[in-house]
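# based on what follows, work out the 3D shape:
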Amino acid sequence: MQHGTTLIATIALAFAVALLFGVLAARLRLPPIVGYLLAGIAIGVASPSLAAEGGVAAQASEMGVVLLMFGVGLHFSLRDLMAVRAIVVPGALLQIAITGTAGTMLGRWWGLSVGGAIVLGLSVAVASTVVVLKGLEARDRLDSPEGRVAVGWLVVEDLSMVLVLVLLPAVAVPLGGTPVDGQALTAGGLARSIALAIGNVIAFLLLMFVAGRRVVPWLLAHVARLGSRELFTLTVLAIALGVGTIASQLFGMSFALGAFVAGAVVSESELSHRAAADALPLQDAFAVLFFVSVGLLFDPHVLVDHLGKVLAVLGVVMLMKFVASFAVLRLLGESGRLAVTIAGSLAQIGEFSFILMALGASLGLLDRDTHALVVGAALLSITVNQPLQGWLQRMLARYAPGIPESFTEADAFDFSAITDHVILVGYGRVGTTVTEALDRAGVSHIVVEEQPRVVAGIRLRGEHAISGDATRADVLRRAGVTGARLIVVTAPEPIRARRIVEVARELNPRIAVAVRTHSASEQAFFEQVLPSPGVHGRAVYAEREVALSLAHYTLTVVGRSDDEADALIDAMRGRRTMPTETFSAMRTREFRAAMGISPGQSETGGGPDG
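Numbering: from 1, shown residues only. Reported below is the predicted structural model:
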């Protein structure tokens, strides 16, 4: 009973202090993650006994990692993983090799054994899944090209570390450690361990993607028909935690990686979106505990006693890993923007680093001081990672024209002579819908997309597209911006969207603009800077448009005519806080006119509820 009380008290204390420091961080315009880390440090300083028993918080925090990976799997199908395998498999392995070698050399310079230095090198080579995914979610980039590559990259890293965790005890003795259970492993035993580890991974994946793809969707559908929300939520949690447990206990894989595979299997079900909605609240709450537990492990005295070594490890993590990841991605032919974004997100270390260091210490390869150095570097790297990402995005928006798009492809397509057409920037879910509307209306258009593979697919369908970064003037010129009637910007990053609009208006002051926004403040910004006499433009706040669409449908269902509903919704669109009517009050019919769609034509072909 005492243990249960300790667990509840620890979680309650962690949530309360994390809330306090999270609010403080938000008030200071810092990422909430920084507040959660500081909360862990504060708890550790105020209660050393609790810090010494950090395993309680660590076990609770693992729940957050598991649910987070399950949620990622829900949005990342096997097809997505296979689509990026040519990038993530060689890319992740090369990055681990380069960064791991740098960390190993640093460890040998400090006098560590060969085994200890290798463990140090591998610990600084793998990124924190939680930090990367939280960063992508914060920027709404999880379902973007770089989001898919980043998730695939993390999966390869996790699989690699699973193999390392299996093999490390086997090779600990020849590398300077202590025998496992008093026995040194022979060469034959090592070979069997390697074969067993690889066989377990293959067996688990076959089990999940052959049997699991049939059983799991059937189970979800069966429970959903019962009409109980509680039972459905319980089923989702049982699948996530159950598959994770099977992966960990029976196949020797990581708990989180098993949950990711479970999510990927559930994504094949038509109920995947409902499953994601049920898992999200628990996922966010328990993920907070991960960051608190990192802060709890941190010993502030390390910064005083070994500041130079902590900064050296931090340099390998943030500088060497960034350079290695960027170089590998560029050599694999990826765009400069994608390479910078992914390399920046990987410039930190987290959960697998702690697991590796703990295993290395238990095998006699590392001492407590080295473990403390890595924890200190991890905390600092996680703290500065999100601010670093924001800074990188601002630098890209400002200096992107100086970054060449690719070492392997020079897009020779040039549509600069075309006139009276629409330019569509981005070909994600929003972009494809707008493209469909333009196709149905017979409006000439050109897609500008960063990913060469996506562009190739568009061209195979007989449509015009160019590969490039739309913040660059030369790319927009090739898209015919000087003669275009409208540019539609669907890029989710606010800074990048601003830069695209700015460059487009510099090249063609008369071009109409439609831009996607994700907040009322961003919409207000565009409403202030875009209007000009005789030029159409509109900033679409996604959530507001969804609400207005639902309101329109509701009005028609309760008996209002389409004309009455249109008038009411138009009035709501026009009722803004701005002193005078600007382009934000522009009616839907004016926007349709700018796109060349006649009043009788449908943009999407859907019904009133589509």
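
# list the buried residues for the helix or strand containing residue 36?
With secondary structure defined by DSSP states H and E, residue 36 is part of helix 32-46. By neighbour count, with 16 or more other CB atoms under 10 Å as the criterion, the buried positions of helix 32-46 are 32-44. To be clear about C-beta, it is placed using only N, CA and C from the backbone, and glycine gets the same treatment.

# next one: stretch 446-462
Buried, per 16+ other CB under 10 Å, within stretch 446-462: 446, 447, 448, 449, 450, 451, 452, 454, 455, 458.

# helices of the stretch 51-200 of the chain, residue ranges please.
55-74, 78-83, 85-109, 114-123, 129-138, 145-171, 187-206 (DSSP state H, counting those that start in this stretch).

# and residue 241, how close does it get to residue 201?
Computed as CB to CB, to the nearest Å, the residue 241 to residue 201 distance reads 20 Å.

# with secondary structure and distance to residue 467 as added columns, please give the buried residues of stretch 446-462 in a markdown table.
Formatted as a markdown table, the entries for the buried residues of stretch 446-462 read as follows, by DSSP: H, G, I helix; E, B strand; the rest coil; distance: CB to CB, whole Å:
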| residue | secondary structure | distance to residue 467 |
| --- | --- | --- |
| 446 | strand | 12 |
| 447 | strand | 10 |
| 448 | strand | 8 |
| 449 | strand | 6 |
| 450 | coil | 7 |
| 451 | coil | 7 |
| 452 | helix | 5 |
| 454 | helix | 8 |
| 455 | helix | 4 |
| 458 | helix | 10 |
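
# could you dump those into a markdown table with pLDDT and distance to residue 125 added?
Rendered in a markdown table, the data for those read as follows (pLDDT from 0 to 100; distance: CB to CB, whole Å):
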| residue | pLDDT | distance to residue 125 |
| --- | --- | --- |
| 446 | 92 | 42 |
| 447 | 92 | 37 |
| 448 | 91 | 35 |
| 449 | 86 | 32 |
| 450 | 78 | 27 |
| 451 | 73 | 26 |
| 452 | 70 | 28 |
| 454 | 80 | 30 |
| 455 | 81 | 33 |
| 458 | 84 | 36 |
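
# could I get these in a markdown table, plus columns for distance to residue 95?
As requested, the buried residues of stretch 446-462 are arranged in a markdown table below (distance: CB to CB, whole Å):
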| residue | distance to residue 95 |
| --- | --- |
| 446 | 35 |
| 447 | 31 |
| 448 | 29 |
| 449 | 26 |
| 450 | 21 |
| 451 | 20 |
| 452 | 21 |
| 454 | 24 |
| 455 | 26 |
| 458 | 30 |
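
# the helix or strand hosting residue 328: which residues count as buried?
Using DSSP H and E, residue 328 maps to helix 321-331. Within helix 321-331, the residues that qualify as buried by neighbour count (16+ other CB under 10 Å) are 321, 322, 323, 324, 325, 326, 328, 329, 330.

# contacting residues around the fourth one?
Listed by CB atoms under 8 Å, 6 or more residues apart in numbering, the contact set of residue 324 reads 94, 95, 98, 99.

# rerun that using 10 Å as the cut-off
Listed by CB atoms under 10 Å, 6 or more residues apart in numbering, the contact set of residue 324 reads 91, 94-102, 125, 316, 343, 346.

# do the same with the first one
Shown here is residue 321, whose contacts under the criterion CB under 10 Å, 6+ apart are 95-96, 98-100, 102-103, 124-127, 315, 343-344, 346-349, 381.

# what's the distance between the spatially closest residue to it that is not a sequence neighbour and residue 148?
Here the nearest residue to residue 321 in space, its sequence neighbours aside, is residue 99; by CB to CB, 6 or more residues apart in numbering that works out to 4.7 Å. Look at residue 99 and residue 148: by CB to CB, they are 22 Å apart.

# looking at these two, which is more packed in?
Neighbours were counted for residue 99 and for residue 148 using other CB atoms under 10 Å; residue 99 has more, 26 against 22.

# that one and residue 120 touch, don't they?
No: with the criterion set as CB atoms under 10 Å, residue 99 and residue 120 do not qualify as a contacting pair; they are 11.1 Å apart.

# quick one: work out the angle between whichever strand or helix holds residue 392 and helix 114-123.
Using DSSP H and E, residue 392 maps to helix 368-399. Here the directions of helix 368-399 and helix 114-123 differ by 30 degrees (axes from the mean of the first three to the mean of the last three CA atoms, to 10 degrees).

# let me see the mean pLDDT of helix 368-399.
Helix 368-399 shows an average pLDDT of 79 in the prediction.

# next: stretch 26-35.
Here the mean pLDDT over stretch 26-35 is 79, rounded to a whole number.

# how near is residue 105 to residue 120?
Here the criterion is CB to CB. By it, residue 105 lies 10 Å from residue 120.
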